[in-house]
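A.B. asks: The following block contains a protein sequence and its predicted model.
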Amino acid sequence: RNCPVDLVPTFLGAHAVPTEWAAHPDGYVDEIIGKMLPAVCGGESPLRPRFFDVFCEEGAFSLPQTRKLLTAAQVLGLGLKVHADEFSVLGAAGLAAELGAVSADHLACTPASEMEQMAAAGVVAVLLPGTTFGLGQTHYADARTMVSMGLPVALGTDLNPGTCWCESMPFIISLACRYLRLTPAEAIVAATVCAITVYDMC
């Protein structure tokens, strides 16, 4: 109400397995599907999510769990997003293409074969160089290969207190030029036109 910003809610209940479910992660998946998703999708609240996102990664959610979660969200009419290939390749980028996800985030180690699948399916690659920078790592997403394949690339801050406390899109654009090897024009398009496309697709 106070700022000229559109808020687009995304439900990320599947970001981490809580400690109380550590011994039964599949039970937590069932909890999300059976209780959380129906609760957040019920009613006419303006905060009803338009998207559902899963963090598919070692130590978070496996590829079969991610498939189960995304499929359940799709049945409820939510647009699909996935955190994929931030630290390891589990096949989440390919799954995003298979299920027609709107976007896949991070993609720091996505193989070219799955980039091709994303490009063919129209999945937007949301790259978050601030996270790689904030973690002190050096393996950035291969944006040049993505662009050469015609895979649409968007940029985001991934603003969060754990890995990337950064509110500055100009800084993210600078990182994209320096470490993702995008041209200034490509980085500006990724931060504007392609980023808006992610939310217009659902």
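C.D. replies: Perfect, I can see it now. Here the structure is a predicted model, which means the values were calculated and not measured.
A.B. asks: Could you check stretch 113-131 and say which residues are buried?
C.D. replies: The neighbour-count check on stretch 113-131 (16 or more other C-beta atoms under 10 Å) flags 114-119, 123-131 as buried. In short, each C-beta sits where N, CA and C put it, glycine included.
A.B. asks: Quick check: of those residues, which lies closest to residue 175?
C.D. replies: Nearest to residue 175 out of the buried residues of stretch 113-131 is residue 129 (C-beta to C-beta; 4.0 Å).
A.B. asks: What residues sit buried inside the helix ranked longest in the chain?
C.D. replies: Assignment by DSSP state H gives helix 63-75 as the longest helix of the chain. Buried residues in helix 63-75, counted by 16+ other C-beta under 10 Å: 65-70, 72-73.
A.B. asks: same check, this time on stretch 156-166
C.D. replies: For stretch 156-166, the neighbour count (16+ other C-beta under 10 Å) marks 156-159, 163-164, 166 as buried.
A.B. asks: What is the end-to-end distance of it?
C.D. replies: Chord length of stretch 156-166, first to last residue, is 10 Å (C-alpha to C-alpha, to the nearest Å).
A.B. asks: Determine how far that stretch lies from the middle of the whole chain.
C.D. replies: In terms of C-alpha atoms, centre = their mean, to the nearest Å, the centre of stretch 156-166 is found 13 Å from the chain centre.
A.B. asks: Report the helix or strand with the lowest average pLDDT across this protein.
C.D. replies: helix 193-200 (a mean of 81; mean pLDDT, DSSP states H and E).
A.B. asks: can you list the residues that contact that one?
C.D. replies: Applying C-beta atoms under 8 Å, 6 or more residues apart in numbering, the set of residues contacting helix 193-200 from outside is 6, 8, 50, 102-103, 124, 126, 152-156.
A.B. asks: Now it: buried residues?
C.D. replies: 194-195, 198-199.
A.B. asks: Turn the residues you listed into TSV, columns for distance to residue 31.
C.D. replies: Below are the buried residues of helix 193-200 laid out as TSV (distance: C-beta to C-beta, whole Å):
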residue	distance to residue 31
194	34
195	32
198	28
199	28
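A.B. asks: Backbone dihedrals for the closest residue to residue 171 other than its chain neighbours, please?
C.D. replies: In this structure, residue 171 finds its nearest non-sequential neighbour in residue 130, 7.2 Å apart by C-beta to C-beta, 6 or more residues apart in numbering. With angles defined as degrees, to the nearest 10, residue 130 sits at phi -60, psi -30.
A.B. asks: go on, residue 61?
C.D. replies: phi -120, psi 140.
A.B. asks: so it sits right up against residue 29, yeah?
C.D. replies: Yes. Between residue 61 and residue 29 there is a contact under C-beta atoms under 8 Å: 7.4 Å.
A.B. asks: Pull the contacting residues for residue 82.
C.D. replies: By C-beta under 8 Å, 6+ apart, the contact set of residue 82 is 53-56, 66, 70, 92-93, 95-96, 101, 103-105.
A.B. asks: quick one: pLDDT of it?
C.D. replies: pLDDT, residue 82: 98.
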